[in-house]
Every structure is written in structure tokens, then in C-alpha cells.
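**Q** Here you go, sequence then predicted model.
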Amino acid sequence: EPEVTQTPSHQVTQMGQEVILRCVPISNHLYFYWYRQILGQKVEFLVSFYNNEISEKSEIFDDQFSVERPDGSNFTLKIRSTKLEDSAMYFCASLTPGARETQYFGPGTRLLVL
Amino acid sequence: ELKVEQNPLFLSMQEGKNYTIYCNYSTTSDRLYWYRQDPGKSLESLFVLLSNGAVKQEGRLMASLDTKARLSTLHITAAVHDLSATYFCAVGSSNTGKLIFGQGTTLQVKP
């Protein structure tokens, strides 16, 4: 069964450093998303991406964040200058709309900012 | 701003008992999702409800959607320990597909 994959599974970084989180969505999907989940809290929407551009972003997704689909398979989330409060689990998800639409989530990247 | 509220947030129950988790949301939507999350793991899709009155069942779990009341329920029948997890409902945007999640309900099923 096709699945969303993410790398790395864990990342530890120093405050102020740049991080890039990588995702490979399901191959025939058209819509891509990033979410985050701070430990013990709910899942929060960050950004949606369609047709090579951002279709919607949340208040969390400020100028420090960017997304890119550099080739036909990868979808990346970059945080330019990490803050302590960026520590969270980051999930990538993908979707092809239709009668049985389901948004499939990757396994997540646990980011720890020290 | 769309808000999604679940209750209860924590549920401890005995094996064999029935219970219902409620998910209320604040604005019109015809897409309602239920996910399961085990500790430290990702989100596993359980149900996608796409129309008013939709009811879906899988094993001991049954989900329903009332778009007029802006309410979805997840009913657990004869709970077993393997159902222990956190359950999230999420409301979908028809424009971009983004999901807005509830706070989650942590279910603990005791033998």
C-alpha cells in the first residue's frame, strides 16, 4: 500500500539554526500539507500546497517557514532560524480528492530545538 | 474561525463497555475525519464522513455525522484493550483540504 514517508525521523538542532524536513507524498496525490503537534497537544495545520504554490497557510506559518517541491517527488519544509517553541512533531500529509478522499499522514519528524 | 471541540478529553473505561466520543464544530463543513494516534506514532485514518447522515462502521467503532447539528460521534462498542489510544476528529476545508483538529480524546481501556 502506498504511504507517505518522512526524513529524518528525529532531528536535534541548536536555536537559530536552519532545518529542512523532507517528505515524499503518495505518488499520484495532488495536495500536500504540513502539520505540527507539540507534545501532548492537538495537531495544528501549518500550510497546504497545490499546483506548485501555497494554497493556504496558518498564522503559525510565518516568514521563518517555507515549503518547496523541488522535484516531482519531494516536498520540504524549511525553518530558517529555529526557536525553542518550534520543538514539535512535524507531519506531512497528502491527498487526492474524490469520493473516498482520505488525507494520509507520514510517520512524522520529531524536532528538538535546544 | 473554525473551532473543533471534542469531549470527553480523557476516557477511562472497562473492557466490554460502550461509550461515545463527541465532536462539535463551529462552522459548516461536509467533511469530517476520525483519526487514531498511538503514543509517539503518526495519525491513522479511521473514517471519512462526507455527507449529512453518513454512518460508517469498522469493527467495534462506528462514526456518524450530523452536519445540521455540526456534530460527529464515535461510538465504541464492547471496548477492548487494543482500542486504547488517542482519537482525533478533524474538520476539512472544501477549498484547500486543510484539516482543523479537535483536542483529541485519550481512551484508556482497562481489563
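**A** Yep, that arrived.

**Q** residue contacts, A:Gln37?
**A** A:Gln37 is in contact with A:Val43, A:Glu44, A:Ala88, A:Met89, A:Phe91, A:Gly108, counting by CB atoms under 8 Å, 6 or more residues apart in numbering or on different chains. Using the backbone N, CA and C atoms, a C-beta is placed for each residue, glycine as well.

**Q** And for B:Glu44?
**A** A:Phe105, B:Tyr35, B:Arg36, B:Gln37, B:Asp38.

**Q** Compute the number of surrounding residues for the closest residue to the last one other than its chain neighbours.
**A** Yep, that's B:Asp38 we're talking about. Closest residue to B:Asp38 apart from its sequence neighbours, by CB to CB, 6 or more residues apart in numbering or on different chains: B:Ala85 at 5.1 Å. Residues lying near B:Ala85 (other CB atoms under 10 Å in any protein chain shown) number 20.

**Q** Repeat that for the one 10 residues further on.
**A** In terms of burial, B:Asn95 registers 9 neighbours under the definition other CB under 10 Å.

**Q** mind listing what it touches?
**A** A:Ser55, A:Glu56.

**Q** so the residue nearest to B:Asp38 makes contact with B:Thr105?
**A** No: between B:Ala85 and B:Thr105 there is no contact under CB atoms under 8 Å: 9.4 Å.

**Q** Mind jotting down where the strands sit in the chain?
**A** Using chain A here. Counting by DSSP state E, one finds strands in chain A at the ranges A:5-7, A:10-13, A:19-24, A:31-37, A:43-50, A:53-57, A:65-68, A:75-79, A:88-95, A:104-105, A:109-113.

**Q** was after chain B, sorry
**A** B:4-7, B:10-14, B:19-25, B:32-37, B:43-49, B:55-58, B:61-66, B:71-76, B:85-92, B:99-101, B:105-110.
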